Structures are given as C-alpha cells and as structure tokens.
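# Fold the following.
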Amino acid sequence: MRWAKTNERTASGFDTVIRNAMIYDGSGSASFRGDVAIKDDIIAAVGKNLHGTMEIDATGLAVSPGFINMLSWGVESLIEDGRGQSDIRQGVTLEVFGEGESMGPLSETMKKDLIKRQADIKYDVKWTTVGEYLEYLVERGVSPNVASFVGATTVRIHAIGYDDRLASAQELNTMRELVREAMEEGAVGLGSSLIYAPACYAPTKELIELAKVVGEYDGLYISHIRSEGNRLLEAIDELIRIAQEANVRAEIYHLKVAGKSNWPNRDAVIQKIEAARRAGLRITADMYPYAASMTGLDAVMPRWVQEGGHEAWVKRLKDPSIRDRVKQEMCTATDEWENMYFATGPENMLLAAFKSEKLKPFAGKTLADVAAMRGKSAPETAMDLVIEDDSRVGTIYFSMSEADVRQNATLPWVSLGSDAACMSPEGVFMKSLPHPRAYGTFARFLGKYVREEKIAPLGDAIRRLTSLPAGNLKLKRRGMLKTGYYADMVVFDPTKIRDRATFDNPAQYSTGVVHVLVNGVPVVKDGENTDAKPGRVVRGPGWKGWN
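As a prediction, the model looks like this:
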C-alpha cells in the first residue's frame, strides 16, 4: 500500500508504477498478478518487474479501471464541491449526466428558471449548451471525469415549453437540430425520463425522430421508461420500438419493478429484454443496488395537474376543487399514469429534501408521519408540502423487492448508476437527507452482492463497472487496463470494500478503496482525498475530435 519515490527517473521513463497487484483489466477475464505503469496520463505498460519514479506497493490489493457511474446527478453538487468525494472514494472516475434533463441547451427563459429553482446550492448559469456546461465544470476543477447525454426533456422545453401537446413540424425540426448540435459537441446520446411531466407528454414518434439523430452519430438512447410499475412491460416494448425504428442502441435507466402488486412481473421483464437482445437489438440496462428509489412528490400526482411547469402546478394545488380531484386520483389505481402514492403508500415514503429551512426538520420522517403531525390526510399533506416548499420535495420510495434487486445484480448486461449527486458529509450537503446510494452504490455492489452473496465472479463484476458502460457509451481508450488507455484506475481491497451508508445515516463514506487515479493523477491516496482535480470532459462519438 505504500507510495515510494525512487531516487531518479528510471530508464523506462514511467512516472508511476502500481506493483504486485491482482490485475482485473476490465475485460471480465481472470485476474493476474503484475504491475501497471503510467506515463503522464496514459497506461504505458502492463506486465511484471516494471519500475518508475513513483511506485505503489499494491500487494494483497486489486487494481482495475476506474468505475463509470451511468446515472449521476452531480450536475450541481460538483459546482459546489468539485471533489465528488462520495463517488471518488468508491472508485468512480467518470460521472455521466442527463437523465431526461441536461444542463443544456438552455434558452434565456430556461436559464432564469434554473436559477429560480435552486435550493441549497447557488450558482450563476454561465453556459448555454451541454458542451459548454461540461467545459465550465472542468475549468472550475473536478476530480472525476464528466460526460453527459442531451436531455429529451430539455430540448422539448426549449422548443415547446411545458404544454401537453404534440410538437409542430417546425418545433420537431428545432428539437432535432438541438440534439444534433449536442451530439457534435460530444454528448454521448439522448436521455429521456418519461414518467415525469413534461417528458411524459412526448409521444413515441417524437422520441423516435430524436433518437434517429443520435443513431447517425452512433450515440446511445437511454431512458427512464414510461412506467416501472403497472405498465412496465408496455414501457419496455416502447423502448424496443424506439431502438428498432431509430436503429439505435438503447439502455433502460435503473432497471426495477416498482409496486408490490407488480413484483411477479420480474421474470417477464428479463425475458422480454433478453429476447430483444437475441433478436439482435443492442439493449442494456443499469441499476442501483437498493430496494428503494428517490424522486419528488410530483411522482404521486397526476400529470395533468403539472402541465405548464412548476408555478402552474403549485397554483392549481391551491384550488380546492382541483385538490379534491388530485386527492381522489392519488388514491385510485390506474394505468394512465405512474401513481407512486398508490403503489407505495405514505408510510413507505420518506421525506428527504426541502428548500425551506422551516420544513427541513421533516427530513427523515415519512409522509404518513407528517400527515399525522398536521392532522391532515396524506394526499393533502403532500400537496401542502409542495406549495409550502415551492419544490418537488425530494422523497425516498420503498416500493421495490430485494429479490428483484438481487436478480438484476446477476445480469451480465446490467451496469451501475447511483442516480444521486456527488457529495460529502459537510456544508450544504448536510441540509438534506440523501439516499444511501449516493455514498454506497458501487461499494455495496462489490461488497454485499459480489463478495458476500457471490452473484458474479469479481472479474465479471468489474467488467460491468468499466468496459461494459464504456462500450455502451462508445468511449475511446477508457474502461480497460490496456496500454494506450487513459490512466483512470482504482486500487481496492476486495476483502474489505463495503458500503456504510444507511437510510437512517446515509452520509457515510464507503471503505475498502485505497487509491484512485484520474488521468494518471491520484485523487484518493491511502483512502483519503488528495483535493486534486484532474477531471476532463469525456465526449461521445459525434464529436469531431472524438477521443
């Protein structure tokens, strides 16, 4: 584990050599003992008896490519603190943004709305396009590399706003051009989030037209599909149709079956996806290893009440006649929209993130708890909280099955994504209750599911954190320990890596990761953050200087 500086640069010219490690190269092949040498930001050699100016003794440890977070919400947290410690300390070296919403392209109105909707983290919007945003992050300084999808929701708002209607021919052409520009800037594909307004207003044909543009650049279409509950199978059919008609690779965000009544569909979900894969479609998925999701209270209310955007939603919730209708629909089973209130129940909805200092003490209490404290029904309380906080109100939903999580963790075509910000247990990050996945996704997968439950060999598990997502994103020279690849690497103890974050106490770093290097620079050394910020923009195959 020791770092040792030699007296002078060796004849080999290597800057750093990780020696005596069990090497997992990201291919899924068996590990082998050896050394990895780094020159500048590149892996210069993989072999034995290598020496360099700086040497790391990794006896008893594993070395692998850095892990790729396929679903990161670090877009604001990395502005606040570019170190991204909750992920970096788990070995994550690339954060991928863009689940439906991306930080560009933005109109002037969208920029104003983005500033208005800010909560604990405040910042100026000094960019317009998604490429400019990524460059802005790197110029400020970030420890991990960063990449992004362009958001289908974002381009729809840019062209149409928040209306529930079809796009005109001119508007659709505008959206296509925005996607094209983003792909040429280096976006890795198109991301959609079809459970939420206004994304849910987009018909399948609109998504196909946008995905066709992505396909021209060999990008990836990735989706929080239209339903994860009552109409999950139909939602997967829609994704398959988009992949077929747009001739594009496709991925399902955070694969899951939500709602206890839907848990029996687990096997049918996997069978449907694997049948599509056997038919030649390039369909993959990602997941987080927890039986609870996190989103806002907008997920418990019908989509019509949210049309027009946040201010229109809040205004409607103040109308007694509309409140009565919303309450009735929240308490009624339906296939017309994804009703997380009915599927989960207020006793399984943990309130987590508020803007208002007055309401922050409710973080950590269930919606049922707060309703009882206020002497109101849970639906009324949910509406009141949205109005009072003037926000979606971050909420954790315990709607999933541990058996489903375990089975998904065995699937060779499933990678990992935290669906969370990158944070640390200090400052503004302590003003809300994060989901433990922010601190534990990758360590939990390797510790609980791979080491303890033996759902997969370690080599193949590492493949699913490295070369699988790198290949899905069509990244060049990342995701493998190979000569000529960028030196994004993690050195960890396979016998000790584990998550410590819980729902009661989520702000706890995982353990077992010893060293992390990003572009050849140590960002974690002997288990501690170095404050180095060598992260770069990683671009997709549409970029003219693709690398």
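# Give me the domain ranges for the protein.
Split into domains by automatic domain parsing, the chain comes to 67-293+401-474, 295-397.
# same question for the last one, mean pLDDT?
Spelled out, that is domain 295-397. For domain 295-397, mean pLDDT is 97.
# when you give positions from now on, start the count at 48
Will do, 48 is the new start, and the previous item becomes domain 342-444.
# mind listing the helices for the stretch 48-197 of the chain?
Per DSSP state H, counting those that start in this stretch, the stretch 48-197 of the chain carries helices over the ranges 121-127, 132-135, 155-163, 177-187.
# Which residues outside the third one are in contact with it?
If you take CB atoms under 8 Å, 6 or more residues apart in numbering as the criterion, helix 155-163 is touched by 153, 171-172, 175, 201, 204-205, 356. For every residue, glycine as well, the C-beta is placed using N, CA and C.
# One more: the longest one?
Outside of helix 177-187, the residues that reach it under the criterion CB under 8 Å, 6+ apart are 122, 125-126, 129, 145, 149-152, 173-174, 193-195, 197, 229, 232-234, 582-584.
# So which of these sit within strands?
193-195, 197 (DSSP state E).
# Turn the domains of the chain into CSV, columns for mean neighbour count and distance to Gly531.
Converted to CSV, the domains of the chain look like this (neighbours: other CB atoms under 10 Å; distance: least, CB to CB, whole Å):
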stretch, mean neighbour count, distance to Gly531
domain 114-340+448-521, 21, 14
domain 342-444, 18, 41
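# Reformat the ones you listed as a markdown table; add distance to Thr577.
Shown next, in a markdown table, are those (distance: least, CB to CB, whole Å):
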| stretch | distance to Thr577 |
| --- | --- |
| domain 114-340+448-521 | 8 |
| domain 342-444 | 29 |
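# quick one, which of the ones you listed is nearest to Ala548?
domain 114-340+448-521 (3.6 Å; CB to CB).
# Figure out how far the closest one is from the centre of its chain.
5 Å (CA atoms, centre = their mean, to the nearest Å).
# I'd guessed Thr200 sits against Tyr243; true?
Yes: counting by CB atoms under 8 Å, Thr200 touches Tyr243, with 7.4 Å between them.
# Overlap of the contact sets of the two?
Gly147.
# and Gly107, how many residues sit next to it?
By the criterion of other CB atoms under 10 Å, Gly107 has 12 neighbours.
# isn't it right next to Asp540, touching?
Yes: judged on CB under 8 Å, Gly107 makes contact with Asp540 at a distance of 7.2 Å.
# remind me, longest helix of this protein?
helix 216-232 (DSSP state H).
# low pLDDT regions in this structure?
Filtered on pLDDT under 70, the chain yields the residue ranges 48-49, 51, 53-58, 593-594.
# Pick out the residue nearest the middle of it.
Residue closest to the average C-alpha location in the chain (CA atoms, centre = their mean): Leu118, at 1.4 Å.
# Would you mind measuring from the closest residue to it other than its chain neighbours to Trp120?
Closest residue to Leu118 apart from its sequence neighbours, by CB to CB, 6 or more residues apart in numbering: Gly464 at 2.9 Å. From Gly464 across to Trp120, the span is 10 Å (CB to CB, to the nearest Å).
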